[in-house]
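Participant: With the input below, show me the fold.
(2 chains)
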2 protein chains.
Amino acid sequence: MRKKYILAPGPTPVLTEALGAMGSPIIHHRSPEFTPILKDVREGLKWLFQTKNEVLFFASSGTGAMEGAVTNLLSHGDKALVVEGGKFGERWTEICRAYGVEPVVIKVTWGEAVEPARIESALKDDPSIKAVFTQATETSTGVVHPIKEIAAIVSRYEDTLIIIDAISALGASEILTDKWELDVVVSGSQKALMLPPGLAFASVSEKAWRFAERANLPKYYFNFKKELKSLTETNQSAYTPAISLLMGLRESIKIMQEEGLDNIFARHDTLARATRAGVLAMGLELFAPKAPSNSLTAVKAPPGIDGGKVVKTLREKYGITIAGGQAELKGKIFRIAHLGYFDRFDIITALSALEMTLNELGFKVERGRGVKAAEEILEKM
Amino acid sequence: MRKKYILAPGPTPVLTEALGAMGSPIIHHRSPEFTPILKDVREGLKWLFQTKNEVLFFASSGTGAMEGAVTNLLSHGDKALVVEGGKFGERWTEICRAYGVEPVVIKVTWGEAVEPARIESALKDDPSIKAVFTQATETSTGVVHPIKEIAAIVSRYEDTLIIIDAISALGASEILTDKWELDVVVSGSQKALMLPPGLAFASVSEKAWRFAERANLPKYYFNFKKELKSLTETNQSAYTPAISLLMGLRESIKIMQEEGLDNIFARHDTLARATRAGVLAMGLELFAPKAPSNSLTAVKAPPGIDGGKVVKTLREKYGITIAGGQAELKGKIFRIAHLGYFDRFDIITALSALEMTLNELGFKVERGRGVKAAEEILEKM
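Facilitator: Here you go, the predicted structure:
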């Protein structure tokens, strides 16, 4: 027996209750049996996103909903400001380019958050910018961007939208869609929602729907207006939805509602602080010390040790899956998640295994030191 | 206890072994644990599609892969011939229009198959047509189109592709992708593959890949070249895949390989014949008598009885989900599937329940008559 632990920032462990629901007999998506499921899901998503507007869902990975946010709201030749501070920031740029939207890129050093003043000055310099694209949490670096502050700036521009990739942030950190006037918030099933991948979400503000009226980029599968019409008029999605994932989602949302959003955010915050305290106590350095996300902690590989080796040893020797660095960070960092179906002992497990692994790789750590630092925080949960 | 039966042409009943696999702990899609799963799936899909080329897969419904077939292979202003003999034929037209491809529509009476001669003459009239789009099985009418014959015509045109929506046909009827020179074959998980919806597939021929080189339509999530590169170079998909569905797919393909394609097709053929014999023996009429599909049987509602009432009674009184008519066929037909995880007693169940339902709705049927006609065919399986 080799017990496995998935402690990566997506996919995250699947909620047991959701697994059960996904294993029940399949239901036809245009039958009355599916009606209450979809009603619950639609209401639940509004609660989760903190919006009164419809939250659209798609059978796709989160990238699909990101694409939809571009193609449904913008037109060929439009300019869009993109915060590029990691691999997923680059994805916004790539999508814009693929559809003939001109990206105006704000390059942010990987591991740092964007300064809202840079967005303010970019919009002042060029008021023709139609949208600002950013991540809430940049999963490739473990950074959280100051969404509330950015949104406050963008909301002053009537002809500019703020569009957030909250794929790994939603349900882990506070995202107040309506209150902060976020025009589109994109998320996915395999992060804080504790489900397998395959469902993507997009909330759409009234301001964004006005953009949708004039947007001329081509789209078909990710057609927001068609989905809205189908959901509001028939309580069905336009195309065959990921039925089993939606059945699981109802369970996830139910469990999240029982815990309550504030408690969920506090739990993620505590787990994140404990993780950071643990790795610091081991003598490691955080990759994003100034703006660390509550969803994952990016840690610099110790001097002389390849981050990939840390990941590999954890996996092969201890059955634990964390994530390595991507693109320019390959080998330089590793990433431990505390996202979704995680409690304090998942953090203890991660830190304990890391202590064993680092010692094995030649970076000497006093055994129990990281765990001790984490316990001091976790026991107060 | 109210036992439920899903006898609709998608979603179809989920294979028990696949349910088990989808319920196992989630695996990271970029970890070595996922490597053998994806290798098996990729090899298995080639076998299922009967192709030596890579079969791409997407987290989406089948419509997403249909969109990808248009956007990856055609350019703005290209002409495409579309066989429109039902709701899904119309979908090809809609996708073409959404992306600025000019559809040249062959209207086919709903319930009939297209005559290959019409395609031959359309291509002769306008050799600038870059692609022919059709369904293998048109799920809205229960018709099977003569794909082999159509492909033989199109393959004579070097500058024209044949692109097949085989979403409800693949794995139920013979589709010889390479032998018939089918350039793209699209399918989905929730039909003959006995899985929940959420996975779409597209095989792509060498000829089609040459088209992909010059195609200029925009795309991002459904980027065929990017997926091919990612699969062949890293054995990973470009974006987070529907991991649990792929784990289920491996089981489905394994069970299908044990049965063998010829046996699977023969089983579907026998179940389809038994269904038709059963409904005819009840005094009902087939909606597509000349070209009935092996995946589903469309039946005309008896005179004076709304087809929707048949569907409703079956569902509410007997726990059986079949499908009604869509669009212009609403109320006029109902559709019984024999697709995927079906054996002879599913057909007996459907016919027996239909006998009870019709009597209740005032269309008098001698009890056991439809079942008897089916038994005579099914006992020889």
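Participant: got the residues of the stretch 101-250 of chain A near chain B?
Facilitator: Taking CB under 8 Å from any CB of the partner chain, the part of the stretch 101-250 of chain A that reaches chain B is made up of A:188, A:190, A:196-198, A:217-223, A:239-245. From N, CA and C alone the C-beta is placed, and that goes for glycine too.
Participant: same question, the stretch 251-381 of chain A
Facilitator: A:Arg315, A:Thr321, A:Ala323.
Participant: Adding pLDDT, secondary structure and neighbour count, write the residues you listed out as TSV.
Facilitator: Shown next, in TSV, are these (pLDDT from 0 to 100; DSSP: H, G, I helix; E, B strand; the rest coil; neighbours: other CB atoms under 10 Å in any protein chain shown):
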residue	pLDDT	secondary structure	neighbour count
A:Arg315	96	helix	20
A:Thr321	97	strand	22
A:Ala323	97	strand	24
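Participant: shaky segments in chain A?
Facilitator: Filtered on pLDDT under 70, chain A yields no residues whatsoever.
Participant: who does the longest helix along it touch, helix- and strand-wise?
Facilitator: Taking DSSP state H as the criterion, chain A has its longest helix at helix A:261-281. On a contact count with 3 or more CB pairs under 8 Å, 6 or more residues apart in numbering or on different chains; DSSP states H and E, helix A:261-281 meets strand A:296-300, helix A:344-361, helix A:369-378.
Participant: Of the ones you listed, which is nearest B:Gly142?
Facilitator: B:Gly142 lies closest to strand A:296-300 among the helices and strands packed on helix A:261-281, at 49.7 Å (CB to CB).
Participant: Show me the contact partners of the closest one.
Facilitator: With contact meaning CB atoms under 8 Å, 6 or more residues apart in numbering or on different chains, strand A:296-300 is reached by A:9, A:111, A:137, A:139, A:141-143, A:168, A:272, A:275-276, A:279, A:284-288, A:292, A:307, A:323, A:325, A:332-339.
Participant: Would you report which members of those are assigned to helices?
Facilitator: A:Ala272, A:Thr275, A:Arg276, A:Val279, A:Gly307.
Participant: got a list of what A:Ala151 touches?
Facilitator: A:Ala151 touches A:Ile162, A:Trp180, A:Glu181, A:Leu182, counting by CB under 8 Å, 6+ apart.
Participant: Now for the residues you listed: which two are most distant?
Facilitator: A:Ile162 and A:Trp180 (8.4 Å).
Participant: More neighbours: which of these two?
Facilitator: A:Ile162 (27 against 20; other CB atoms under 10 Å in any protein chain shown).
Participant: tell me the most buried of the helices and strands packed on helix A:261-281?
Facilitator: Highest mean neighbour count among the helices and strands packed on helix A:261-281 (mean count of other CB atoms under 10 Å in any protein chain shown): strand A:296-300, with a mean of 28.
Participant: so how far is that strand off the chain centroid?
Facilitator: 15 Å (CA atoms, centre = their mean, to the nearest Å).
Participant: relative to helix A:261-281, how tilted is it?
Facilitator: Here the directions of strand A:296-300 and helix A:261-281 differ by 10 degrees (axes from the mean of the first three to the mean of the last three CA atoms, to 10 degrees).
Participant: Tell me which residues touch A:Ile347, please.
Facilitator: Going by CB under 8 Å, 6+ apart, A:Ile347 touches A:Leu271, A:Ala274, A:Thr275, A:Gly278, A:His338, A:Ala374, A:Leu378.
Participant: before we move on, what about A:Glu120?
Facilitator: By CB under 8 Å, 6+ apart, the neighbours of A:Glu120 are A:Ile153.
Participant: can you give me the strands in the stretch 151-300 of chain A?
Facilitator: Along the stretch 151-300 of chain A, counting by DSSP state E, counting those that start in this stretch, strands occupy A:161-165, A:184-188, A:199-204, A:296-300.
Participant: any idea how chain A splits into domains?
Facilitator: Annotated domains of chain A cover A:17-258, A:260-378 [automatic domain parsing].
Participant: Quote the end-to-end distance of the shortest one.
Facilitator: End-to-end span of domain A:260-378 (CA to CA, to the nearest Å): 19 Å.
Participant: What is the distance between that domain and the centre of its chain?
Facilitator: With CA atoms, centre = their mean, you get 18 Å for domain A:260-378.
Participant: The longest one now?
Facilitator: In terms of CA atoms, centre = their mean, the centre of domain A:17-258 is set 10 Å apart from its chain centre.
Participant: what about that domain, start to end distance?
Facilitator: End-to-end span of domain A:17-258 (CA to CA): 13 Å.
Participant: do the same with stretch A:116-133
Facilitator: 13 Å.
Participant: Tell me the buried residues in that stretch?
Facilitator: Buried residues in stretch A:116-133, counted by 16 or more other CB atoms under 10 Å in any protein chain shown: A:Pro116, A:Ile119, A:Glu120, A:Ala122, A:Leu123, A:Ile129, A:Lys130, A:Ala131, A:Val132, A:Phe133.
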